[in-house]
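>>> Need coordinates for the following:
(one chain, ligands or ions: 3)
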Amino acid sequence: MSLPITEIASIKEKVIQLAKKVGDNIEAELKNFTKESIEYKGINDMVSYVDKEAEKEIVKELKILLPGAGFIAEEGTGKEAVDGYNWVIDPLDGTTNFVHGIPIFSVSIALMHKKEILLGVVYDPNRKECFHASKNGGAYLNSTKIQTSKEQKIKNSLIVTGFPYATLENIQPYLKCLEEIMRKTHGIRRLGSAALDLAYVASGRFEAFYETHLNPWDVAAGALIVQEADGMVSDFKCESNYIFGKEIVASCSENVHEAILKIIHDSFLPSK
Ligand code: IPD
Ligand code: CA
Ligand code: CA
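Ligands and ions are numbered 1, 2, ... in the order given. A predicted model of the protein is given here:
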């Protein structure tokens, strides 16, 4: 890591201010937004001027904050990823909620150096909750330090996930997994913002989160926040390819992590 810790802390404070400014503008735009403004990137994959303008504003400011860094941003703003520092940005995580007027969405911004996430900020403008972390610096909700739930037992755990929506071809393993989780836990939720799902694991509201088909901008900031809150994050093989690998499990404890991985494993890879 070549940026000194003090500099990362000061960059994070500026990113928090930026996420709040952009997030509050998104929330304010909710009252003007009409479904005529929806564009489709794919089946059920929506975007609008709100996502695009938010991303442009974020990229414009981050270019000034760290000149030379690359961008991995959902709507493709900014120059491409480079071999050093990269910003990983989801300007509006929860677009489907936003376009339906459901107040559950967030702004997610992370800074990576090569494969390491240095800082992550997830801002929920509807609740004015800003979750943030820097590498080895702990995790926070606004100014309060957060930690994952102390729960060790899957049967006492509340789980959050996201459902695939573009292609439902391989739906059976998901349904099997849902059934097992319903049988073995306190229950399951689908909020519609993966960044907030992770932030809620970090702050002890959920014991675990799992999802497939996510992109780096959905998970980079939230994954660091979970880890800095003493949680565990992995891919479905319990390895570390969860940013680019399109499979993620995040949880509060080793026991809960193992139990979720076993359910996933038994559902997605049933023994013949
Ligand atoms: C989506 C949300 C959702 C998840 C989807 C993501 P978007 O991001 O994070 O919770 O289930 O797979 O694509 O499109 O609203 O930025
Ligand atoms: Ca997203
Ligand atoms: Ca998005």
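>>> Which residues are in contact with the residue of the stretch 51-200 of the chain at minimum distance from ligand 2?
Shortest the stretch 51-200 of the chain-to-ligand 2 distance, computed as CB to the ion: residue-wise this is Asp93, at 3.9 Å. (Each C-beta comes from the backbone N, C-alpha and C, glycine too.) Asp93 makes contact with Phe105, Ser106, Val107, Ser108, Val122, Ser193, Ala194, Ala195, Leu196, Trp217, Asp218 under the criterion CB atoms under 8 Å, 6 or more residues apart in numbering.
>>> any idea how far the third one lies from Glu39?
In this structure, Val107 and Glu39 are 20 Å apart, going by CB to CB, to the nearest Å.
>>> Looking at those two, which one has more neighbours?
Comparing Val107 with Glu39 by neighbour count (other CB atoms under 10 Å), the higher total belongs to Val107, at 32 against 11.
>>> Touching, the more buried one and Phe98? I think so.
No - counting by CB atoms under 8 Å, Val107 does not reach Phe98; the two are 11.4 Å apart.
>>> count of neighbours near the residue of the stretch 101-250 of the chain found nearest ligand 1?
Of all residues in the stretch 101-250 of the chain, Gly162 sits closest to ligand 1, with a separation of 2.6 Å (CB to the nearest ligand atom). Look at Gly162: counted by other CB under 10 Å, it has 19 neighbours.
>>> do Phe71 as well
21.
>>> Surely Tyr40 touches Met46?
Yes - under the criterion of CB under 8 Å, Tyr40 lies in contact with Met46, with a separation of 6.2 Å.
>>> Between the two, point out the one with more neighbours.
Comparing Tyr40 with Met46 by other CB under 10 Å, the one with more neighbours is Met46, at 17 against 9.
>>> Could you report the separation of the closest residue to Phe268 other than its chain neighbours from Lys56?
Of all residues beyond its chain neighbours, the one nearest Phe268 is Pro173 (4.5 Å), with distances taken as CB to CB, 6 or more residues apart in numbering. The spacing between Pro173 and Lys56, counted by CB to CB, is 38 Å.
>>> sorry, back to before: which element is the residue nearest to Phe268 on?
Secondary structure assignment for Pro173, by DSSP states H and E: helix 172-184.
>>> So what touches that helix?
For helix 172-184, the external contacting residues (CB under 8 Å, 6+ apart) are 154-155, 159, 161, 163-164, 188, 259-260, 263-264, 266-268, 270.
>>> Which of the residues in it are classified as buried?
Taking 16 or more other CB atoms under 10 Å as the neighbour-count basis, helix 172-184 is seen to contain the buried residues Tyr174, Lys176, Cys177, Leu178, Glu180, Ile181, Lys184.
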